[in-house]
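> Here's a sequence, model it:
(chains A and B)
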Amino acid sequence: DQQVKQNSPSLSVQEGRISILNCDYTNSMFDYFLWYKKYPAEGPTFLISISSIKDKNEDGRFTVFLNKSAKHLSLHIVPSQPGDSAVYFCAARLSYNTDKLIFGTGTRLQVFP
Amino acid sequence: DAGVTQSPTHLIKTRGQQVTLRCSPKSGHDTVSWYQQALGQGPQFIFQYYEEEERQRGNFPDRFSGHQFPNYSSELNVNALLLGDSALYLCASSLILDEQFFGPGTRLTVL
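Presented below is the predicted three-dimensional model:
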């Protein structure tokens, strides 16, 4: 049972344009959502997060939007840069007293000049 | 300040063998979580160690076991290896209930 889904395996965007990565989830009890970025031969690195009580969180070029009624979140990268090319994972946490993260399958973003 | 380190980087085993993977947490961290990332999938939570005890466990069989040492480093042991155990094994360290920092992983291939 895939509780966190990233239905787009890959995305290609031109440098300077907006990248939008999507994530859907099925468990309404998730209270915290995170985005991780992963380069080859490296572990995932934390990018940005959002609590379930908010609908938007912004950090520089990265913004995460949460739509609880649709059980959907998205990561916006503006403007996209070639260094953003990586695999992006959406992850969710079930409750405040657990560190267990449930990851999606990832979206490979390629930013071309 | 060294981040999370894992050893070995790569490992090749045959079916039925046993394997031990090692993780050293980031300085100051006391909690270690292990994840399995199969090809084309996202990381899956195996278990977490805090204060040398298994604090939480994911949906993995008992063939997967672990240990945490007094210096907070950790080992993941897998017995009776199956072909399906081939994956990237990621270790993440943190303070309890805080941001997790991942190591580069150990690539295990079971033949």
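> What's the local residue count around the closest residue to B:F102 other than its chain neighbours?
Counting by Cβ to Cβ, 6 or more residues apart in numbering or on different chains, B:F102 lies nearest to A:G43, which is 3.1 Å off, once chain neighbours are set aside. C-beta coordinates here come from the backbone N, C-alpha and C atoms, glycine included. Look at A:G43: counted by other Cβ atoms under 10 Å in any protein chain shown, it has 23 neighbours.
> Contact distance from chain B - what residues of chain A qualify?
A:4, A:6, A:36, A:41-46, A:89, A:91, A:96-106 (Cβ under 8 Å from any Cβ of the partner chain).
> Just the buried residues out of those, in ChimeraX syntax.
Of the residues of chain A next to chain B, the buried ones go into a single ChimeraX selection, burial set by 16 or more other Cβ atoms under 10 Å in any protein chain shown:
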select /A:4,6,36,43,44,89,91,99,100,101,102,103,104,105,106
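> Check for me that the residue nearest to B:F102 belongs to a strand.
No. Using DSSP: H, G, I helix; E, B strand; the rest coil, the assignment for A:G43 is coil, not a strand.
> Quick one: low-confidence residue ranges for chain B.
Chain B contains residues with pLDDT under 70 at B:1.
> So what sits opposite the residue sitting nearest the centre point of it in the bridge?
Chain B has B:W34 as the residue nearest its centroid, 3.6 Å off, counting by Cα atoms, centre = their mean. Following DSSP bridges, B:W34 is listed with bridge partners B:F47, B:C91.
> Which residues are in contact with it?
Contacts here follow Cβ atoms under 8 Å, 6 or more residues apart in numbering or on different chains; on that basis B:W34 touches B:C23, B:F45, B:I46, B:F47, B:Q48, B:G66, B:S74, B:L76, B:Y89, B:L90, B:C91, B:A92.
> Any chance of CSV for the residues you listed, columns neighbour count?
Formatted as CSV, the contacts of B:W34 follow (neighbours: other Cβ atoms under 10 Å in any protein chain shown):
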residue, neighbour count
B:C23, 27
B:F45, 22
B:I46, 23
B:F47, 20
B:Q48, 26
B:G66, 21
B:S74, 25
B:L76, 25
B:Y89, 24
B:L90, 26
B:C91, 29
B:A92, 27
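> Just the closest of those residues to chain A, please.
Within these, the smallest distance to chain A is 4.7 Å, found for B:F45 (Cβ to the nearest Cβ).
> and the closest one, helix, strand or coil?
strand.
> What separation is there between it and B:T106?
Taking Cβ to Cβ, to the nearest Å as the measure, B:F45 falls 16 Å from B:T106.
> got it, and B:P25?
Using Cβ to Cβ, B:P25 is found at 15 Å from B:T106.
> of those two, who's got more company?
B:P25 (27 against 21).
> So that one is in contact with B:V32, correct?
Yes. Assessed by Cβ atoms under 8 Å, B:P25 is found in contact with B:V32 at 5.5 Å.
> circling back to that earlier point, return the subset of the residues of chain A next to chain B lying in strands.
Within those, residues falling in strands by DSSP state E are A:V4, A:Y36, A:T45, A:F46, A:F89, A:A91, A:L101, A:I102, A:F103.
> can you redo those as JSON lines with pLDDT?
Compiled in JSON lines, these are given as follows (pLDDT from 0 to 100):
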{"residue": "A:V4", "pLDDT": "96"}
{"residue": "A:Y36", "pLDDT": "97"}
{"residue": "A:T45", "pLDDT": "94"}
{"residue": "A:F46", "pLDDT": "93"}
{"residue": "A:F89", "pLDDT": "97"}
{"residue": "A:A91", "pLDDT": "96"}
{"residue": "A:L101", "pLDDT": "92"}
{"residue": "A:I102", "pLDDT": "94"}
{"residue": "A:F103", "pLDDT": "96"}
